[in-house]
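Novice: Sequence plus predicted model, see below.
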Amino acid sequence: MNITKADVLSMTVPTPFAVGPVNCFLIKGDVLTLVDTGPRTPEAQRELNEQLKNHGYAFEDIEQVVLTHHHPDHIGLVGGMMERGVCVLGHWKNDRWLQMSDSFLKENDTFMTSIYREAGVADQYFNHARDAREYLAFTDRAKCDIHLSEGDAVPGCSEWTVMETPGHAQSHISLWHKETGTMIAGDHLIKKISSNPLLEPPYVKGTERPKPLIQQRDSYRKTLDAHLQYVYTGHGEPILNPDDLIKERLRKQEERSDKVALLLRKQPLTAFEVCKELFPGVYKKQMGLTLSETIGHLDYLESENVIVKKKDKEQTYYRYKL
């Protein structure tokens, strides 16, 4: 089956988030499949309904939903769809975010607070350690009926398969149509901005936390190996030259890591001190995003044996390895 643009219908709905509108996609396979839903807001619901209508469909026609990842701008309306009997598919790592149990929310708060403390974050920014609760207000509790993982065929969508692309989110998957080199990439690839590698607690308590920037780089390389031709993205317009964009993203990450290494040549620093140098001004408004990316670069440099870290009481300091 050679898919055409008519087989994947794009819809854009508003979000209350700084990233702006989010893209949802309708795959016209044997099963009418919606990829991502938008946030749980009346505005998003109305716009999704209207755009479905413009394509000749109604909300009730959707038979299944595939989630690229668990962030609220992509999953917010899935709870209501599930209640109507729509089948929900996604990676198993979505589950704890979809279910939003009190125990997990407390676990996430504790994890992020420990990250902030270890990073040496100033007290006035500690309220951002609980930002996830604010974001999750834009989604309902739900669950995945079917779990998808690397190489799985998407039910009812001929020749679409799953590529695991963690980094921006641990639950992230992209849908790949190998024959045509087409991908529905969620936030794995976005044309005009680089999606942040975001910190999350480990899935097994007591184990090492994920290292999202390193994962993201691995996902980029995996995507390069797929030789894509056309990428539908979670935000903004499609990408026509994905290989060039991916290579540029990898290069810019390395440049930023080099900048971090230069800072640490001068003196040992905490992650928060590095964050303030990398993102002056911005860190005050987007502490979670900027600190996650900063720690990602520190993880990368440590993995490359460029820097070492040492804990001093509650805080961790990083220094250049001589």
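Specialist: Structure's in. What do you need? Residues are numbered from 1 along each chain as shown.

Novice: Within the helices and strands, which one has residue 227?
Specialist: Following DSSP states H and E, there is no helix or strand that holds residue 227.

Novice: Can you identify each of the strands in the stretch 151-300 of the chain by residue range?
Specialist: Ranges of strands in the stretch 151-300 of the chain, per DSSP state E, counting those that start in this stretch, are 160-164, 173-177, 182-184, 230-232, 269-270.

Novice: Direction included, what does the shortest one pair up with?
Specialist: For strand 269-270, the pairing partners within the sheet under DSSP bridges are strand 315-320 (antiparallel).

Novice: From the rest of the structure, what touches the partner strand?
Specialist: For strand 315-320, the external contacting residues (CB atoms under 8 Å, 6 or more residues apart in numbering) are 117-120, 261, 264-265, 267-271, 274, 298, 301-302, 306-311. Just so you know, the C-beta spots here come from the backbone N, C-alpha and C atoms, and that holds for glycine as well.

Novice: and if you look at stretch 7-20?
Specialist: By CB under 8 Å, 6+ apart, stretch 7-20 touches 21-29, 38-39, 41, 43-44, 47-48, 51-52, 55, 72-73, 135, 138, 182, 184, 193, 232, 235, 286.

Novice: Mind checking which of these land in helices?
Specialist: Using DSSP state H, the subset of those located in helices is 43, 44, 47, 48, 51, 52, 72, 73, 135.

Novice: among those residues, who's most crowded?
Specialist: Sorting the ones in helices among the contacts of stretch 7-20 by how many neighbours each has (other CB atoms under 10 Å) puts residue 73 first, at 29 neighbours.

Novice: ok, it - contacts?
Specialist: If you count contacts by CB under 8 Å, 6+ apart, then residue 73 has 15, 17, 19, 22, 38, 39, 138 around it.

Novice: Just send these back as CSV, with distance to residue 256 too.
Specialist: As requested, the contacts of residue 73 are arranged in CSV below (distance: CB to CB, whole Å):
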residue, distance to residue 256
15, 27
17, 23
19, 20
22, 26
38, 31
39, 30
138, 30
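
Novice: Just those residues: which are in strands?
Specialist: Counting by DSSP state E, those place residue 22 in strands.

Novice: got the contacts of residue 73 as CSV, with distance to residue 189, neighbour count and pLDDT columns?
Specialist: Formatted as CSV, the contacts of residue 73 follow (distance: CB to CB, whole Å; neighbours: other CB atoms under 10 Å; pLDDT from 0 to 100):
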residue, distance to residue 189, neighbour count, pLDDT
15, 18, 21, 97
17, 18, 15, 93
19, 14, 16, 92
22, 14, 27, 98
38, 19, 28, 96
39, 21, 24, 97
138, 23, 20, 94
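
Novice: what residue ranges in the protein score low on pLDDT?
Specialist: Residue ranges of the chain with pLDDT under 70: 1-6.

Novice: All the helices of it, residue numbers only.
Specialist: Ranges of helices in the chain, per DSSP H, are 42-54, 72-75, 78-83, 95-99, 102-119, 131-136, 212-225, 242-266, 271-278, 282-285, 287-303.

Novice: Rebuild the strands of the stretch 151-300 of the chain as a markdown table, extending it with mean neighbour count.
Specialist: Formatted as a markdown table, these follow (neighbours: other CB atoms under 10 Å):
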| stretch | mean neighbour count |
| --- | --- |
| strand 160-164 | 21 |
| strand 173-177 | 26 |
| strand 182-184 | 25 |
| strand 230-232 | 21 |
| strand 269-270 | 20 |
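
Novice: out of the ones you listed, nearest to residue 98?
Specialist: Across the strands of the stretch 151-300 of the chain, residue 98 has its closest neighbour in strand 173-177 (14.3 Å, CB to CB).

Novice: any idea how far the closest one is from the chain center?
Specialist: A distance of 14 Å separates the C-alpha centroid of strand 173-177 from that of its chain, computed with CA atoms, centre = their mean, to the nearest Å.

Novice: Strand partners (parallel or antiparallel) of it?
Specialist: In the sheet, strand 173-177 lines up with strand 160-164 (antiparallel), strand 182-184 (antiparallel) (DSSP bridges).

Novice: Take those strands and lay them out in a markdown table including distance to residue 250.
Specialist: Converted to a markdown table, these look like this (distance: least, CB to CB, whole Å):
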| stretch | distance to residue 250 |
| --- | --- |
| strand 160-164 | 17 |
| strand 182-184 | 17 |
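
Novice: right, and those - which one's nearest residue 222?
Specialist: The closest of the strands paired with strand 173-177 to residue 222 is strand 160-164. By CB to CB, the value is 6.8 Å.

Novice: The strands paired with strand 173-177: which one's closest to residue 213?
Specialist: strand 160-164 (16.3 Å).

Novice: Using PDB, write out every CA atom in the closest one.
Specialist: Provided in PDB are the C-alpha atoms of strand 160-164 (Å, rounded to 0.1, in the frame of the first residue of the first chain):
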ATOM      1  CA  TRP A 160       2.400   1.500   9.800                       C
ATOM      2  CA  THR A 161       4.800   0.200  12.500                       C
ATOM      3  CA  VAL A 162       6.100   1.500  15.800                       C
ATOM      4  CA  MET A 163       9.500   3.000  16.400                       C
ATOM      5  CA  GLU A 164      10.300   3.700  20.000                       C
END
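
Novice: Fine by me, thanks again.
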